[in-house]
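*Asks:* Just need the structure, nothing else, for what follows:
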Amino acid sequence: MKRIHIHISAEDLPATKRFYSALFGQDPTVGKADYMKWMLDEPRINLAVSQRDGATRGVDHVGIQVDDDVELEAVNAALQSAEQTTLAEPGAQCCYANSNKHWARDPQGVVWEMFHTMDAAPTYGHDLRDEIPHTPRAKPAGRCC
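*Replies:* Next up, the predicted model:
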């Protein structure tokens with residue numbers, strides 16, 4: 001079963017925690033000094049919030065969390081069949097989790113993370129987000145630039 005994922009970069013984690021805890025009616029499922037996550041069943045969402053040096057504040061990326069690698073490969077295959085470029089990241093350690101991932105950018109440049117999390121990790125880790133290829137938008141006929 002799929003779960004929508006949204007990752008937000010925040011400057012003020014305590015204020016952000018108060019906001020989302022009030023909105024969802026519960027404290028984060030995971031809470032670290034630089035990261036927190038709500039795993040909700042209603043709505044079915046994985047909302048992560050972190051502080052990153054130099055990161056743009058607000059929505060960092062969106063994604064789809066799946067329950068197993070078969071679903072992960074199916075989501076990736078669907079993107080590739082639509083001629084979208086993806087980047088595989090097996091065995092990633094990021095956001096205090098060990099996951100298999102595929103990354104993509106939509107035609108507007110929005111970063112999408114498709115992932116299957118296997119277990120927790122002791123550190124925040126790093127991902128390949130900066131290496132994600134971009135599938136450019138097709139240029140309309142008769143227009144320049």
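
*Asks:* quick one: the strands in this structure?
*Replies:* Ranges of strands in the chain, per DSSP state E, are 3-9, 30-31, 35-41, 44-50, 58-65, 86-94, 97-105, 111-120, 125-126.

*Asks:* Show me what the fourth one is packed up against.
*Replies:* Packed against strand 44-50 by the contact rule (3 or more C-beta pairs under 8 Å, 6 or more residues apart in numbering; DSSP states H and E) you find strand 3-9, helix 13-24, strand 35-41. Where C-beta positions appear, they are placed from N, C-alpha and C, glycine not excepted.

*Asks:* Nearest to E131, out of the ones you listed?
*Replies:* strand 3-9 (17.1 Å; C-beta to C-beta).

*Asks:* Would you mind writing the CA trace of the closest one as PDB?
*Replies:* Taking C-alpha atoms only, strand 3-9 is exported to PDB below (Å, rounded to 0.1, in the frame of the first residue of the first chain):
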ATOM      1  CA  ARG A   3       1.700   6.400   1.400                       C
ATOM      2  CA  ILE A   4       2.300  10.000   0.200                       C
ATOM      3  CA  HIS A   5       5.500  11.500   1.500                       C
ATOM      4  CA  ILE A   6       6.200  15.200   2.000                       C
ATOM      5  CA  HIS A   7       9.500  16.500   3.300                       C
ATOM      6  CA  ILE A   8       9.700  20.100   4.700                       C
ATOM      7  CA  SER A   9      12.800  22.000   5.600                       C
END
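
*Asks:* If I take it and strand 44-50, what angle do their directions form?
*Replies:* In terms of direction (axes from the mean of the first three to the mean of the last three C-alpha atoms, to 10 degrees), strand 3-9 departs from strand 44-50 by 20 degrees.

*Asks:* Check which residues of strand 3-9 are buried.
*Replies:* Residues 3, 5, 7-9 are the ones in strand 3-9 that count as buried (16 or more other C-beta atoms under 10 Å).

*Asks:* and what of stretch 109-124?
*Replies:* Of the residues in stretch 109-124, 111-117, 121, 124 count as buried by neighbour count, 16+ other C-beta under 10 Å.

*Asks:* Nice, that's everything, thank you.
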